[in-house]
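**Q** What follows is a protein structure lacking sequence information:
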């Protein structure tokens with residue numbers, strides 16, 4: 001069965017849509033910033049068009065990136081996970097965003113909840129293991145919700161806690177925090193969950209860790225990531 005073209009009824013070319021979505025999700029830019037940058041390149045679109053494109057195609061792009069990367073990651077991503085949570089304000093009310101990364105800094109998933117109790121931690125862990133399998137080690141902070149959830153699923157002997165052991169998970173929040181400030185926070189829990197999932201997938205694709213590579217290898221990895229992005233949702 002032939003795959004349906006997601007850009008079928010859009011007058012704007014897919015290349016421009018991909019560029020606009022990438023600029024908005026990847027960089028700490030507002031919708032009007034993206035509109036101005038596109039205008040400098042001779043592309044006349046409204047910021048409302050950019051908003052519609054990101055809402056329409058952002059989850060599609062993220063899903064395709066995630067599907068391709070899970071197939072490659074499943075063999076090695078289960079050695080060690082790092083879990084952490086941060087406070088996020090939605091209309092003045094405190095929510096919690098749980099994030100899991102592997103030992104290489106690859107963001108596995110992000111999950112938003114109203115509480116950070118055992119029930120929320122258990123739901124997050126089960127969601128992770130359903131997608132990636134069971135890890136060898138799980139590094140967390142000393143929040144008791146993790147211990148209670150790990151004990152219920154039978155992973156208590158694999159949990160590790162320490163003062164600096166979880167720095168990788170804590171550092172993984174920084175790109176999202178910069179993006180959150182540019183968006184002047186979120187209005188709904190659903191929109192936060194949607195953006196966090198899309199942002200995690202896009203960040204994984206373009207995160208080349210330039211400090212660990214030579215200049216030539218970094219340029220090669222960057223070109224590969226851009227080529228993969230330009231090929232998303234192609235029939």
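**A** Happy to help now that I have it. Everything numeric in this text was worked out from a predicted model, so none of it was measured. Residues are numbered from 1 along each chain as shown.
**Q** When you work out contacts or count neighbours from here on, use the C-alpha atoms and nothing else.
**A** Noted.
**Q** ok, then the element right after the helix ranked longest in the chain?
**A** In terms of residue count, the longest helix belonging to the chain (DSSP state H) is helix 47-73. Using DSSP states H and E, the next helix or strand after helix 47-73 towards the C-terminus is strand 80-90.
**Q** May I see the buried residues of stretch 228-235?
**A** 229, 232, 233 (16 or more other CA atoms under 10 Å).
**Q** Show me how far stretch 226-235 is from its chain's centre.
**A** Stretch 226-235 sits 18 Å away from the centroid of its parent chain (CA atoms, centre = their mean, to the nearest Å).
**Q** could you pull out the strands for the chain?
**A** 80-90, 93-102, 107-113, 137-140, 159-161 (DSSP state E).
**Q** So for residue 201, which of the ones you listed sits nearest?
**A** strand 107-113 (7.5 Å; CA to CA).
**Q** and that closest one, what's its mean pLDDT?
**A** What strand 107-113 shows for mean pLDDT is 92.
**Q** So what touches it?
**A** Identification of contacts with strand 107-113 by CA atoms under 8 Å, 6 or more residues apart in numbering yields 95-102, 120, 124, 128, 172, 189, 192-193, 196-197, 200-201, 204.
**Q** strands paired with it, and their directions?
**A** Strand 107-113 has the following strand partners under DSSP bridges: strand 93-102 (antiparallel).
**Q** quick one: the partner strand to helix 47-73, angle?
**A** 40 degrees (axes from the mean of the first three to the mean of the last three CA atoms, to 10 degrees).
**Q** Please state the mean pLDDT value computed over strand 93-102.
**A** So the average pLDDT for strand 93-102 ends up being 92.
**Q** Next, the buried residues of that strand.
**A** So, applying 16+ other CA under 10 Å, buried residues of strand 93-102: 95, 96, 97, 98, 99, 100, 101, 102.
**Q** Excluding residues flanking it in the chain, which one is nearest the residue nearest the centre of the chain?
**A** The centroid of the chain falls nearest to residue 200 when counting by CA atoms, centre = their mean (0.9 Å). Sequence neighbours aside, residue 107 is the residue nearest to residue 200 in space, at 6.0 Å (criterion: CA to CA, 6 or more residues apart in numbering).
**Q** how near is the one you found to residue 120?
**A** 19 Å (CA to CA, to the nearest Å).
**Q** who has more neighbours, these two?
**A** Neighbour count, other CA atoms under 10 Å: between residue 107 and residue 120, residue 107 has more, with 23 against 19.
**Q** pLDDT weak spots in the protein?
**A** 1-3, 71-77, 210-212, 235 (pLDDT under 70).
**Q** Relative to residue 56, which of the buried residues of strand 93-102 is nearest.
**A** So of the buried residues of strand 93-102, ranked by how close each gets to residue 56 (CA to CA), first place is residue 97, at 23.0 Å.
**Q** ok, the closest one - contacts?
**A** Applying CA under 8 Å, 6+ apart, the residues near residue 97 are 85, 86, 87, 88, 110, 111, 112, 113.
**Q** Kindly recompute the last result at 10 Å.
**A** 84-88, 110-116, 173, 192-193, 196 (CA atoms under 10 Å, 6 or more residues apart in numbering).
**Q** Report the separation between the residue lying closest to residue 112 once chain neighbours are set aside and residue 109.
**A** In this structure, residue 112 finds its nearest non-sequential neighbour in residue 97, 4.4 Å apart by CA to CA, 6+ apart. Note on residue 97: its distance to residue 109, by CA to CA, is 10 Å.
**Q** same deal with residue 14?
**A** For residue 14, the distance to residue 109 - CA to CA - is 27 Å.
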